[in-house]
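> coordinates for the following, if possible.
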Amino acid sequence: MASEYLTNKWKMWFKWLDINKDGKLDSKDMNAARERFVELNDFDAVKTKAAMDIFENWWKDFIFRGKVELSEEEFIESMNEGFKTDKDEFIERMRRCFQVAFNVVDINSEQNIDEEEFIVGFRTSGHENIELNKKFFEMYNPKKGLVSVHDLVESWVQFTTSEDMSKHDIVKAAFELGV
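I've put the predicted structure just below:
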């Protein structure tokens, strides 16, 4: 069983993913996120289709994992099962999860995210407080207005896999600020 510290971080992530705040993750949350993403990016038809497909596959592969709906308890159980079965594989799975996610947010495919892309990524998930999103972006200490996709991915991997409370956790700190 994962520690209470890690389990609590998974609960934070669940709440972040539950876009319509109905206490479950389902196709409504997935569709809201992907529709909002293409709307905020004003994509043409080809890019819209590609983004919609990537979002759907991401949700199916990394969130639902064969289910069509998850309660918070089921989500935590699913995360814990992967974590306790093979921690190294779980870490790599989370790394793939966030690499896919941030590759989508990185609409210019430069392996760097600027503040605007970052904010769009969070607004996609229903987090409309732009000032908080900007504070979160600044927590990464951007260089020339950019944060590397690698740094973003690794911070989310730490958030979803690390039980070490002594390590500074950027994502956890941002959630505690209200992001």
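
> ok, now which ones touch the closest residue to Glu72 other than its chain neighbours?
Closest residue to Glu72 apart from its sequence neighbours, by CB to CB, 6 or more residues apart in numbering: Phe14 at 5.0 Å. For glycine as for every other residue, the C-beta is placed from the backbone atoms N, C-alpha and C. Listed by CB atoms under 8 Å, 6 or more residues apart in numbering, the contact partners of Phe14 are 25, 72, 75-76.

> try it again with 10 Å
Residues near Phe14 by CB atoms under 10 Å, 6 or more residues apart in numbering: 23-25, 63, 70-76, 79.

> please identify the buried residues of stretch 87-104?
Of all the residues in stretch 87-104, those buried under the rule 16 or more other CB atoms under 10 Å are 90-91, 93-95, 97-102, 104.

> grab the longest helix from the chain for me.
As assigned by DSSP state H, the longest helix anywhere in the chain is helix 87-105.

> which elements pack onto the next helix-or-strand element following that helix?
Scanning forward in sequence from helix 87-105 by DSSP states H and E, the next helix or strand is strand 112-114. Applying 3 or more CB pairs under 10 Å, 6 or more residues apart in numbering; DSSP states H and E, we find strand 112-114 packed against helix 87-105, helix 115-124, strand 146-148, helix 149-161.

> could you say what helices and strands the third one packs with?
By that I understand strand 146-148. The elements that strand 146-148 packs onto, with contact taken as 3+ CB pairs under 10 Å, 6+ apart, are strand 112-114, helix 115-124.

> for the ones you listed, which one sits closest to Trp59?
Trp59 lies closest to helix 115-124 among the helices and strands packed on strand 146-148, at 12.3 Å (CB to CB).

> other residues contacting whichever helix or strand comes after that closest one?
For helix 115-124, the succeeding helix or strand toward the C-terminus, using DSSP H and E, is helix 130-138. For helix 130-138, contacts defined as CB under 10 Å, 6+ apart pick out 113-123, 127, 129, 145, 147, 152, 170-171, 173-175, 177-179.

> Throw the contacts of Phe14 into TSV and include pLDDT, neighbour count and secondary structure, thanks.
Formatted as TSV, those follow (pLDDT from 0 to 100; neighbours: other CB atoms under 10 Å; DSSP: H, G, I helix; E, B strand; the rest coil):
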residue	pLDDT	neighbour count	secondary structure
Gly23	97	10	coil
Lys24	98	16	strand
Leu25	97	24	strand
Ile63	96	19	helix
Leu70	97	21	strand
Ser71	98	14	strand
Glu72	98	15	helix
Glu73	98	10	helix
Glu74	98	15	helix
Phe75	98	22	helix
Ile76	98	19	helix
Met79	97	24	helix
